[in-house]
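Enquirer: Sequence and predicted model, in that order:
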Amino acid sequence: MEKDTATAATATAAARVCRRCKAKYSPSDNTPRSCRFHPSFFVCRRHDDQKRYYELKDGDPPYAAKFYDCCGAEDPDAAGCATGFHLSYDDPE
Ligand SMILES: [Zn+2]
Ligand SMILES: [Zn+2]
């Protein structure tokens, strides 16, 4: 039990949560390539070229076609299309 005290204290001091990718990171290990994120929102409309990449199935509402406005990825869990520093909730915009 007592052995864990030092480890726990270090972890709380270092850990931050990124507000873009929601990953935990330590500020000392934050590089311009640490964070993968989508710079734009997950939207619900036709793509800019008016094509539907998402095949609507019978019974799907028209707004079922959702995608990231930045890269067109249709999976909400798709890996980010941009990289950068992690941003904590404490950092300025
Ligand atoms: Zn994207
Ligand atoms: Zn991040």
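Expert: That came through, no problem. Ligands and ions are numbered 1, 2, ... in the order given.

Enquirer: Now Tyr68: closest residue in space, sequence neighbours ignored.
Expert: Using Cβ to Cβ, 6 or more residues apart in numbering and skipping the chain neighbours, the partner closest in space to Tyr68 is His38 (4.7 Å). Every C-beta, even on glycine, is put in place using the N, C-alpha and C of the backbone.

Enquirer: was I right about the one you found contacting Cys70?
Expert: Yes: between His38 and Cys70 there is a contact at 5.2 Å, judged by Cβ atoms under 8 Å.

Enquirer: Give me the neighbour count for Cys18.
Expert: Cys18: 20 surrounding residues under other Cβ atoms under 10 Å.

Enquirer: for ligand 2, what are the nearby residues on this protein?
Expert: For the chain, the contact set with ligand 2 under Cβ under 5 Å from the ion comprises Cys18, Arg20, Cys21, Cys35, His86.

Enquirer: Which of those residues has the largest number of neighbours?
Expert: Among the residues of the chain next to ligand 2, His86 has the most neighbours (other Cβ under 10 Å), with 24 neighbours.

Enquirer: re earlier: shared neighbours of His38 and Cys70, anything?
Expert: The contact sets of His38 and Cys70 overlap at Cys81, Ala82 (Cβ atoms under 8 Å, 6 or more residues apart in numbering).

Enquirer: For the two, indicate the residue with more neighbours.
Expert: When neighbours are counted by other Cβ under 10 Å, His38 comes out ahead of the other of His38 and Cys70, with 19 against 16.

Enquirer: Contacts only, for that one.
Expert: Tyr68, Cys70, Cys71, Ala73, Ala78, Gly80, Cys81, Ala82.

Enquirer: okay, it: pLDDT?
Expert: pLDDT recorded at His38 is 94.

Enquirer: Ramachandran coordinates for it?
Expert: Per-residue torsions, His38: phi -100, psi 120 (degrees, to the nearest 10).
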